[in-house]
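J.: Fold the following and give me the result.
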Amino acid sequence: MEDDSSNDEQLSVKRIAMKENETKEAKAFGIIHKAVSDEIFLNLKLGDIHSSAGYSTIGILS
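T.: From the prediction side, this is the model:
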């Protein structure tokens, strides 16, 4: 039983950390978007999507 509550606590901590990271990333992208053109921002955002899928921005597995 204690292992289950410990695992639940660890999952909760991980979820909180993930949410904080998502918030920080959204704020960073907002700042970047204000600083560059829409076309450049789209390329940056697409690069982020590709890298999170395991691809570099030039389409090669990283």
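J.: Do you know the pLDDT at Lys14?
T.: Looking at Lys14, its pLDDT is 93.
J.: Roughly how far does it sit from Asn7?
T.: Here Lys14 is placed at a distance of 10 Å from Asn7 (CB to CB, to the nearest Å). The C-beta positions use only the backbone N, C-alpha and C, and glycine is treated the same way.
J.: again, but for Leu44
T.: In this view, Leu44 and Asn7 are 37 Å apart by CB to CB.
J.: now stretch 4-12: how far from the chain's centre is it?
T.: 23 Å (CA atoms, centre = their mean, to the nearest Å).
J.: go on, stretch 16-24?
T.: Between the centre of stretch 16-24 and the centre of its host chain there is 8 Å, according to CA atoms, centre = their mean.
J.: Neighbours of Glu9, how many?
T.: 10 (other CB atoms under 10 Å).
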